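Trainee: this is a predicted model, with the sequence first.
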Amino acid sequence: MSDYLLKSICFDGQVRVYTIDATETVREAQQRHDTWSASSAALGRTMIGALLLGATLKGKEKITVKVEGDGPAGHIIVDSNGKGEVKGYIANPKVSLELNDAGKIDVRGAVGTQGTLTVTKDLGMKDTFAGQVPLVSGELGEDFTYYMANSEQTPSAFGLSVLVDTDESIKTAGGFMIQVMPGATEETIIKLEESIASIPMVSQLMDSGEKPEEILERLVGEGNAKILEKSPVAFKCDCSKDRFARAIIALGEKEIDDMITEDQGAEASCHFCGKHYQYTVEELEELKESSRS
């Protein structure tokens with residue numbers, strides 16, 4: 001198993017902790033979109049956050065996370081599901097900024113501090129459910145934390161971390177989500193707060209060889225966690241030529257006719273994975289026929 005996520009229950013059920021190694025997943029996104037350092041970190045952190053939220057879902061249930069800030073990176077959209085699959089893109093992949101005052105990639109500068117974080121859940125029912133909060137940081141970990149507290153009323157803490165190499169490649173990427181359950185003692189909460197305040201960046205720990213199991217132990221202490229599940233996570237896009245064909249049919253006969261007469265064909269591109277699909281005049285004629293029925 002390459003990238004994976006651990007689900008655990010800690011302190012005799014007082015706390016849920018999810019820890020994740022998403023290095024290969026974020027690396028694939030960086031390669032597909034050819035992102036520069038600040039965009040890589042912003043997109044990667046959003047993907048890790050979405051995977052952590054997705055770990056609370058079942059199977060084909062899915063979420064969409066949308067970050068809309070006023071920074072140069074533009075909007076970020078990420079889809080994740082209960083199977084550990086994720087895909088995402090960033091509006092402006094070519095953002096590279098000076099390091100911030102802490103000597104880290106300036107994610108806040110790329111994302112911005114004015115805007116919103118929206119999470120939409122599709123649980124396989126008739127309607128979807130959406131929650132939206134204003135950005136409180138732009139660093140994204142704090143923004144996911146604020147979302148959980150205000151939209152889902154679950155006291156939580158996120159650590160989201162991406163380490164970018166000098167050649168723009170992804171060295172490591174990972175994170176954690178802690179959820180405090182009703183009935184957690186003050187002593188447990190204080191221990192967690194101290195651990196969160198003192199833990200180094202997860203990506204740096206991973207760069208030195210630590211795994212999600214060791215990061216979990218750093219967060220809750222030795223002997224305080226019971227691992228419930230270890231599951232794979234990966235970049236996966238479900239786009240296809242047939243899916244885009246259905247979208248073309250939905251445009252209607254006139255729009256398809258314009259593609260035929262003006263462009264002598266059509267090309268559809270997937271924002272999430274970068275794949276391109278070509279449609280010949282003959283294929284468009286068939287889609288036009290389908291749009292009539």
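Mentor: In hand now; what should we look at?
Trainee: go through stretch 172-183 and flag the buried ones.
Mentor: The neighbour-count check on stretch 172-183 (16 or more other C-beta atoms under 10 Å) flags Thr172, Ala173, Gly174, Gly175, Phe176, Met177, Ile178, Gln179, Val180 as buried. From N, CA and C alone the C-beta is placed, and that goes for glycine too.
Trainee: let me fix that: stretch 47-63
Mentor: Residues of stretch 47-63 classed as buried by neighbour count (16+ other C-beta under 10 Å): 47-57, 61-63.
Trainee: sorry, back to before: now the two most distant members of the buried residues of stretch 172-183.
Mentor: Comparing all pairs in the buried residues of stretch 172-183 by C-beta to C-beta, the longest separation belongs to Thr172 and Val180, at 27.0 Å.
Trainee: return the set of buried residues in stretch 109-121.
Mentor: Across stretch 109-121, burial judged by 16+ other C-beta under 10 Å covers Gly109, Ala110, Val111, Gly112, Thr113, Gly115, Leu117, Thr118, Val119, Lys121.
Trainee: among those residues, show me the least confident.
Mentor: On pLDDT alone, Lys121 ranks lowest of the buried residues of stretch 109-121, at 93.
Trainee: spell out which helix or strand contains that residue, please.
Mentor: Of the helices and strands defined by DSSP states H and E, Lys121 is found in strand 115-122.
Trainee: got the buried residues for the next helix or strand after that strand?
Mentor: Counting by DSSP H and E, the next helix or strand C-terminal to strand 115-122 is strand 129-134. Buried residues in strand 129-134, counted by 16+ other C-beta under 10 Å: Val133.
Trainee: can you list the strands that strand 129-134 pairs with?
Mentor: strand 115-122 (antiparallel) (DSSP bridges).
Trainee: got the contact list for the partner strand?
Mentor: Contacts to strand 115-122, defined as C-beta atoms under 8 Å, 6 or more residues apart in numbering, come from residues 53, 57, 61-70, 128-135, 143-144, 146-147, 151.
Trainee: now the nearest residue to Thr128 once chain neighbours are set aside: how far from Val65?
Mentor: Of all residues not flanking Thr128 in the chain, Asp122 sits nearest, at 4.9 Å (C-beta to C-beta, 6 or more residues apart in numbering). Distance, Asp122 to Val65, using C-beta to C-beta, to the nearest Å: 12 Å.
Trainee: beta partners of Thr172?
Mentor: Beta-bridge partners of Thr172, as defined by DSSP bridges: Leu163.
Trainee: got the confidence number for it?
Mentor: Looking at Thr172, its pLDDT reads 98.
Trainee: and if you look at Glu229?
Mentor: 96.
Trainee: for this protein, give me the ranges with low pLDDT.
Mentor: Counting by pLDDT under 70, the low-confidence segments of the chain come to 1, 293.
Trainee: can we see that at 90?
Mentor: Along the chain, segments meeting pLDDT under 90 span 1, 58-60, 102-103, 123-129, 263, 265, 288-293.
Trainee: that one: strands as residue ranges?
Mentor: Along the chain, the segments classed as strands by DSSP state E run 4-10, 15-21, 59-69, 76-82, 85-90, 115-122, 129-134, 156-164, 170-180, 225-232, 234-235, 266-269, 276-279.
Trainee: okay, now the sheet partners of the shortest one, with direction.
Mentor: Within its sheet, and counting by DSSP bridges, strand 234-235 is paired with strand 85-90 (parallel).
Trainee: go on, the fourth one?
Mentor: Take DSSP bridges as the rule and strand 76-82 pairs in its sheet with strand 59-69 (antiparallel), strand 85-90 (antiparallel).
Trainee: closest to the centroid, which residue in the protein?
Mentor: For the chain, the residue nearest the mean C-alpha position is Met47 (1.8 Å; C-alpha atoms, centre = their mean).
Trainee: can you list the domain ranges for the protein.
Mentor: 4-235, 241-292 (automatic domain parsing).
Trainee: which residue of this protein lies farthest from its centroid?
Mentor: Thr261 (40.0 Å).
Trainee: would you agree Thr64 is in contact with Val78?
Mentor: Yes - taking contacts as C-beta atoms under 8 Å, Thr64 lies within contact range of Val78: 7.1 Å.
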